[in-house]
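Participant: okay, predicted coordinates and the sequence, questions at the end:
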There are 4 protein chains.
Amino acid sequence: MSKWKIGIVGASGYSGEELCTILGRHPQVEAVCLTSRQHAGKKLSEVMPKFVNRGGFGDLRFVEPEISTLTASDAEVFFLALPHGKAAEFAVPLLKAGKRVIDISADFRVKSPAVYEEFYGEKHPAPDFLDQGVYGLPEIHREAIRKARLVASPGCYPTSILLPLVPLLKAGLIERDSIAVSSLSGVSGAGRKAETTFLFVECSESARAYGVPKHRHLSEIEQELSSAAKSPVQISFTPHLIPLNRGIYSTIYCKPTAGAEKKIEETLQAVYKNEIFVRVSDVIPDLKNVVHTNFCDISCRYDERTGRILLFSAIDNLVKGAGGQAVQSMNLMAGFDETTALL
Amino acid sequence: MSKWKIGIVGASGYSGEELCTILGRHPQVEAVCLTSRQHAGKKLSEVMPKFVNRGGFGDLRFVEPEISTLTASDAEVFFLALPHGKAAEFAVPLLKAGKRVIDISADFRVKSPAVYEEFYGEKHPAPDFLDQGVYGLPEIHREAIRKARLVASPGCYPTSILLPLVPLLKAGLIERDSIAVSSLSGVSGAGRKAETTFLFVECSESARAYGVPKHRHLSEIEQELSSAAKSPVQISFTPHLIPLNRGIYSTIYCKPTAGAEKKIEETLQAVYKNEIFVRVSDVIPDLKNVVHTNFCDISCRYDERTGRILLFSAIDNLVKGAGGQAVQSMNLMAGFDETTALL
Amino acid sequence: MSKWKIGIVGASGYSGEELCTILGRHPQVEAVCLTSRQHAGKKLSEVMPKFVNRGGFGDLRFVEPEISTLTASDAEVFFLALPHGKAAEFAVPLLKAGKRVIDISADFRVKSPAVYEEFYGEKHPAPDFLDQGVYGLPEIHREAIRKARLVASPGCYPTSILLPLVPLLKAGLIERDSIAVSSLSGVSGAGRKAETTFLFVECSESARAYGVPKHRHLSEIEQELSSAAKSPVQISFTPHLIPLNRGIYSTIYCKPTAGAEKKIEETLQAVYKNEIFVRVSDVIPDLKNVVHTNFCDISCRYDERTGRILLFSAIDNLVKGAGGQAVQSMNLMAGFDETTALL
Amino acid sequence: MSKWKIGIVGASGYSGEELCTILGRHPQVEAVCLTSRQHAGKKLSEVMPKFVNRGGFGDLRFVEPEISTLTASDAEVFFLALPHGKAAEFAVPLLKAGKRVIDISADFRVKSPAVYEEFYGEKHPAPDFLDQGVYGLPEIHREAIRKARLVASPGCYPTSILLPLVPLLKAGLIERDSIAVSSLSGVSGAGRKAETTFLFVECSESARAYGVPKHRHLSEIEQELSSAAKSPVQISFTPHLIPLNRGIYSTIYCKPTAGAEKKIEETLQAVYKNEIFVRVSDVIPDLKNVVHTNFCDISCRYDERTGRILLFSAIDNLVKGAGGQAVQSMNLMAGFDETTALL
């Protein structure tokens, strides 16, 4: 059987590297194009020696991210691992050329150009294409992803927050105005950027909140929560940077609707019973069980003293929060087994 | 001028070690007694080579924690760095012998024996002495500490939570039932205990919530918050273990009372204006600015979208959260400058 | 095709856990028995939640390590992930019962009972079986491993030191008495043992040499180096504990024999040209390129100022230094592709 | 008594920050000038919030590093915490203006312009001033430092290597051509530079050698070793970057001269008997005992199997390896107690 041909635009950041790792071991996929402006002409394995002798795409050479080259290639799908704003510049011509696109940036996650502008501080670069984008959370939008031409793969924080909350809001078990989230992120979430803020010495033996009270990811989180609740939802969200490489850990405080406290855990268990990648359990999640995997671990507790429900979730930000989830969507789009290359 | 004579019972744990560090550089203090069952007979500097040549107590030998030895010594004040339950066994005879006691354990923090039993799972070991205990948060109970015979030095999480919240509850600026706290702790908070859970490999590249929904520290937190509010306060509190040695970082969600959102920051600024160790600022705290110090950094944000106030605080769990704060109390008790050995 | 049936004795330590991870994704292997005295009766995935939903052995229950149970099982090969001394107690009856054994402990690595006693401080527990043991370094002893009944899988430090040095000593390119090695190890090398020495706080922001000048691993290192050189070799070896979970990094100082300095790199390149798992390159190794893999990265430099050759090697101590290499041997013994489950 | 007036040029890097910390608690010193091109006009405590309320220099504003401003100030001594090459541009006019200079850069450490050019790849910027520079290792050059106008404060690696080796070479106990050193450094050694190489994610869970075989620090190390031996000494030196903030750990292999193996430890003990900051002991050093201090811990072992001596040393690279040692020199120059602000 011939392989699906794929391209990765922006392959030298952390998400791009993770895509190369995962797709490189995918038996039904062949990369025809990896782009990197900085490393064009060099092999992937020259730039990142971990790829030597691993099979996969190690011997492939980076090319310049020229749109004409990409549209002319025989890749059927392109992964965009680019900064927001930049991704749309590639997505539009690729879509027009008949390619399918899985965008890991934020460009097509938010349906409303106004909300995009509010949170990202600039006009949306391609508002006419927002309709096409399917929010790529397979456990929530599986059927739409199968048929999508353009998948907007979710952010890392949103993935960790939506997986526990969406089913509960759908079922009407949570008071919509009661939600407050505290999330912890590993430093790879900041990308491979040369900024002193993310130097080892500035992060090790440290921890700090940032991006409060209006982190950009709130836009997609609230869009999806509101859609689940069929009514507007606004939440408090505080991300923290903690000294580890990978991982997102979200602790969610909310109030159950009347009498709902006993249905929370069983609802989560029922909804995710057949999902391989979402593991609902009474064990409080620990990042070490999910790093380097596509799993999302979820647990809950009822605090009868205050009447609040506590929800906990843990993912690897580069896998379930980026590259792994994008490949999960690709598997759906291509008709492969959804878990291929992800277990 | 002759020096204050002090003793440290349980000097070989992390809090005890920090006390030795701080008190060892205190110019008006002399240690007459360090106890350690495990290391009795050895010099402090033999057990912990960091104390060689540092002056201070390096050449002092650990003695067995015999109560008769302690009561017979000429120490005026004893620091108890022992597990809860154990501390009371020493505090009672020391108090009866006329010594003053600064207890770093939980034994005398909670005024109600019933609450103690509820949270610690055992009967209070010395209920008759609960009245004497002064909760040792100098910024809140300074005058009582000066005169105290028994100081119950606060826990690390409580210190980080009470310093921002107490003034706001006193001023009626916070809805009492709206408080949810997410705290991050370094691993030294677990003590120097040989448990696999706290091995390097189990904590590095990991993070996890624990002790939910009813961590023991809630007992003292709610006691002090209720006292400030003059009405019962119950909160949600989720501690997390993150991979760093030292530090507590607390992120607090709460609702302002009507119209109070604009008074939060100015109230904190006003209350702590003359406090050296509490630094209120509009810069979001970062643990790296407080580790190895007795400072508590506090900041706040109003989230107008949800109407919630976010409060952030950061301390070193072994200094402001344990040994440093105990010495701050001692400085008050002895009539020394409150900051001695702490800047 | 029916699968190879395997058993793992001592499956709950770090090496045992790594074996479960690797073998759990091996398509030609089926586990019939995992033992753990502590966890007998529980599923692997109950004890280690990371194994939930991963396929592999997650649903298998630990059994008591009873020798009669093991010999009666239909496993063809047993992996022993036990402390030295203990492993031989299982290896002997298993071999007598016709099972093949891959021992990750030190029990059968050293051929001389006298050397074993010198370095391990106790009489060898099964000297009659020492002859059967094949030192399980596939790149050096591949053919013997294929036919072995008993494989003594190398230690982590030895793997990192032997792979660069053995070919050079075989080729007579290194002065035998000139070798000094400085190695760095992640904390998982110490095992999942409840000792205060390996607590997070004792290791983070720290580093220290240990086990000098006569670490136990010297016994197998010098045996194999001497065998390669056909003449006795003694080296200086200093292991260091550094704050990371996984990895061994060895820096080796040695003197080339007359005129050999120019042949070092080409010899290493030639010897390992067809080896997937040994990557010789002019890039100085970095642990991040090998962690979680079965690769050994090697590089060399000639220091013309001092006339010394510097060799660098990096492995993951739990993969190429333990479980991965053991599976590589198993693949050879079973006639599978040597890289199965290891890329 | 009036205080010594000092200036710090380049106060916003890691070494400059450490100088501000140490000098800020020095009772006999007053800062009249901190320079930072990037932060000119801002208070130290605005740029680094850790300095708020700490006394010291927190309220001092950074000024532009204008030479005319510096020469016109009433500072008696200037610390230069600048890149090499840059430091000389300030040192020369400051010396000409009668100021004393303590240079933390490499500019005046090496006496030979040719050696400087060989190792630093550029012509020495002020060869006429090389004679004036005193190598600022107080335990070796105390008397010269007292009188120096220009102190070239040693590098971090050199400090850790020279303190154990210099007395042994002086005493003729070490074969001059037998020395090989493996050193481990925390990431702060790389400075506060925005380079991807030193991002948290690139360093955490990693370790690597670098700068081999001819690291720049070799120039000063060999100069001082040769001076001690009264004969040329060349060594092998391999620095490694490991994932911690602070610390240098050096492991040194060498051969004793005939019969000298028994005199090594007693010689070190005797030489450093009265030195506060050098602690010779039979305990293998551990970085955690020296970080945040000005101590250098040293230990040795004789490996009778190979006839080699192993020496171990540990320092904090920013204290004894930079700012602390510079202040130690300043204390000597000013006639203060040598340990002031350093214990």
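Facilitator: Cool, got the structure. Worth saying up front: this structure is predicted, and the values here are computed from it rather than measured.
Participant: which residues in the stretch 201-343 of chain A form strands?
Facilitator: Per DSSP state E, counting those that start in this stretch, the stretch 201-343 of chain A carries strands over the ranges A:208-209, A:236-241, A:248-254, A:278-280, A:296-303, A:308-315.
Participant: mind putting those in JSON lines, mean pLDDT included?
Facilitator: Converted to JSON lines, these look like this (pLDDT from 0 to 100):
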{"stretch": "strand A:208-209", "mean pLDDT": "98"}
{"stretch": "strand A:236-241", "mean pLDDT": "98"}
{"stretch": "strand A:248-254", "mean pLDDT": "98"}
{"stretch": "strand A:278-280", "mean pLDDT": "98"}
{"stretch": "strand A:296-303", "mean pLDDT": "98"}
{"stretch": "strand A:308-315", "mean pLDDT": "98"}
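Participant: quick one: closest of those to chain D.
Facilitator: Nearest of those to chain D, taken as Cβ to the nearest Cβ: strand A:236-241 at 9.2 Å. Heads up, the C-betas are built off the backbone N, CA and C, glycines and all.
Participant: who touches that closest one?
Facilitator: By Cβ atoms under 8 Å, 6 or more residues apart in numbering or on different chains, the residues outside strand A:236-241 that reach it are A:157, A:161, A:179-185, A:187, A:189-190, A:203, A:207-213, A:215, A:217-218, A:221, B:182, B:184, B:249, B:251, B:253, B:303, B:306, B:308, B:310.
Participant: what's the angle from that strand to strand A:248-254?
Facilitator: With axes from the mean of the first three to the mean of the last three Cα atoms, to 10 degrees defining the directions, strand A:236-241 sits at 160 degrees from strand A:248-254.
Participant: quick one: strand A:236-241 to chain centroid distance?
Facilitator: Relative to the chain's own centre, strand A:236-241 is displaced by 17 Å; criterion: Cα atoms, centre = their mean, to the nearest Å.
Participant: related to what we said a few turns ago, drop anything exposed from the contacts of strand A:236-241.
Facilitator: Buried by 16 or more other Cβ atoms under 10 Å in any protein chain shown: A:157, A:161, A:179-185, A:187, A:189-190, A:203, A:207-209, A:211-213, A:215, A:217-218, A:221, B:182, B:184, B:249, B:251, B:253, B:303, B:306, B:308, B:310, out of the contacts of strand A:236-241.
Participant: and the strands in the stretch 51-200 of chain A, which stretches?
Facilitator: Assigned by DSSP E, counting those that start in this stretch, the stretch 51-200 of chain A shows strands spanning A:62-63, A:77-80, A:100-103, A:133-135, A:150-152, A:180-185.
Participant: counting by contacts, list what the second one packs against.
Facilitator: When you say that, I think you mean strand A:77-80. For strand A:77-80, the contact count by 3 or more Cβ pairs under 8 Å, 6 or more residues apart in numbering or on different chains; DSSP states H and E identifies strand A:4-9, helix A:14-24, helix A:86-96, strand A:100-103, helix A:324-334 as packing neighbours.
Participant: grab the nearest non-local neighbour of residue A:305.
Facilitator: Nearest residue to residue A:305, sequence neighbours excluded (Cβ to Cβ, 6 or more residues apart in numbering or on different chains): residue B:234, at 5.3 Å.
Participant: what are the phi and psi values at the one you found?
Facilitator: Torsion angles at residue B:234 (phi, psi; degrees, to the nearest 10) stand at phi -120, psi 140.
Participant: and for residue A:338?
Facilitator: The phi and psi torsions at residue A:338 (degrees, to the nearest 10) take the values phi -60, psi -20.
Participant: list the contacts of it.
Facilitator: Contacts of residue A:338 (Cβ under 8 Å, 6+ apart): A:138, A:276, A:328, A:331, A:332.
Participant: please redo it, this time with the cut-off set to 7 Å
Facilitator: By Cβ atoms under 7 Å, 6 or more residues apart in numbering or on different chains, the contact set of residue A:338 is A:138, A:328, A:331, A:332.
Participant: now swap in residue A:166 and tell me
Facilitator: A:140, A:224, A:225, A:228 are the contacts of residue A:166 under Cβ under 7 Å, 6+ apart.
Participant: what about the residue lying closest to the third one once chain neighbours are set aside, distance to chain C?
Facilitator: The reference is to residue A:225. Excluding the flanking residues, the one nearest residue A:225 by Cβ to Cβ, 6+ apart is residue A:233, at 4.1 Å. To chain C, residue A:233 is 29 Å away according to Cβ to the nearest Cβ, to the nearest Å.
Participant: what does residue A:146 give?
Facilitator: In terms of Cβ to the nearest Cβ, residue A:146 sits 22 Å off from chain C.
Participant: which residue is the nearest non-sequential neighbour of that residue?
Facilitator: residue A:332 (4.8 Å).
Participant: quick check, pLDDT for that neighbour.
Facilitator: In this prediction, residue A:332 carries a pLDDT score of 98.
Participant: hang on, isn't it packed against residue A:142?
Facilitator: Yes: assessed by Cβ atoms under 7 Å, residue A:332 is found in contact with residue A:142 at 6.3 Å.
Participant: same drill for those two, tell me which one is more crowded.
Facilitator: Between residue A:332 and residue A:142, counted using other Cβ atoms under 10 Å in any protein chain shown, the more crowded position is residue A:332 (22 against 15).
Participant: quick check: the nearest residue to residue A:75 once chain neighbours are set aside vs residue A:329, distance?
Facilitator: Nearest non-adjacent residue to residue A:75, counting by Cβ to Cβ, 6+ apart: residue A:7, 4.0 Å away. Taking Cβ to Cβ, to the nearest Å as the measure, residue A:7 falls 15 Å from residue A:329.
Participant: cool, and residue A:12?
Facilitator: Taken as Cβ to Cβ, the span from residue A:12 to residue A:329 is 22 Å.
Participant: neighbour count for the two, which is higher?
Facilitator: Ranked by neighbour count (other Cβ under 10 Å), residue A:12 and residue A:329 place residue A:329 first, with 27 against 21.
Participant: what does the stretch 201-343 of chain A put close to chain D?
Facilitator: Within the stretch 201-343 of chain A, the residues that sit near chain D (Cβ under 7 Å from any Cβ of the partner chain) are A:201, A:203, A:204, A:205, A:243, A:245.
Participant: noted, bye for now.
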